[in-house]
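Asks: Provide a 3D model corresponding to the input given below.
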Amino acid sequence: MSLLPFFEWCENAAVGHAIRDSLWLFPVIESFHLLALALIGGAILVVDLRLLGLGLRRQPVAQLARDAQPWLAGGLVVMVTSGILLFTSEAVKCYYSPAFWTKMTFLLPALVFTYTVRRKVAAADEARVRPLWGRLVGLVSVALWSVVGAAGRWIGFSG
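Replies: Coordinates of the predicted model:
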């Protein structure tokens, strides 16, 4: 079953036309999308780098994770909302874009990993988590989110 008809429907929706036909809507929405990427990146990296043992060693991982959580959640809300809007303006291009499919393939595992494994390890008492396990979790998280971000940027430069 092909998803192309759904993608065509999305692109032909009124919101897609409005964004595509406007001189300023796409760049404004993309600006919010990229700002949200920066928020998410910062919230992810500060905790993951701490898990990797690469900074803020005096700050407990659990405290960093709690402090970063609102920024991560807010960034995700803006990122998903703006991403859907951007998608509707060029859905058929996305359908044929390997970068789009790479991003979508890695986005779900990145979200699931962040809100399950990473959250549990970050919230745990550091004395009970083996340093190697924390480093592995931080490395996997950075890798997943890096692919999501890189593939997202690749969408704009491909096709």
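Asks: Quick check: what element follows the biggest helix by length in the chain along the chain?
Replies: The residue-count maximum for a helix in the chain (DSSP state H) belongs to helix 61-89. Downstream of helix 61-89, the next assigned helix or strand under DSSP states H and E is helix 91-95.
Asks: Please export the alpha-carbon coordinates of the helix or strand harbouring L107; PDB is fine.
Replies: In the assignment (DSSP H and E), L107 maps to helix 98-113. Provided in PDB are the C-alpha atoms of helix 98-113 (Å, rounded to 0.1, in the frame of the first residue of the first chain):
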ATOM      1  CA  PRO A  98      15.400   9.500   1.400                       C
ATOM      2  CA  ALA A  99      16.400  12.100   4.000                       C
ATOM      3  CA  PHE A 100      12.700  12.500   5.100                       C
ATOM      4  CA  TRP A 101      12.400   8.700   5.500                       C
ATOM      5  CA  THR A 102      15.700   8.500   7.400                       C
ATOM      6  CA  LYS A 103      14.500  11.300   9.700                       C
ATOM      7  CA  MET A 104      11.200   9.600  10.400                       C
ATOM      8  CA  THR A 105      12.800   6.200  10.800                       C
ATOM      9  CA  PHE A 106      15.100   7.500  13.500                       C
ATOM     10  CA  LEU A 107      12.700  10.000  15.200                       C
ATOM     11  CA  LEU A 108      10.400   7.400  16.800                       C
ATOM     12  CA  PRO A 109      13.300   5.300  18.300                       C
ATOM     13  CA  ALA A 110      15.000   8.600  19.500                       C
ATOM     14  CA  LEU A 111      11.800   9.600  21.300                       C
ATOM     15  CA  VAL A 112      11.100   6.200  22.800                       C
ATOM     16  CA  PHE A 113      14.700   5.900  23.900                       C
END
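Asks: and it, what's its mean pLDDT?
Replies: Averaged across helix 98-113, the pLDDT comes to 96.
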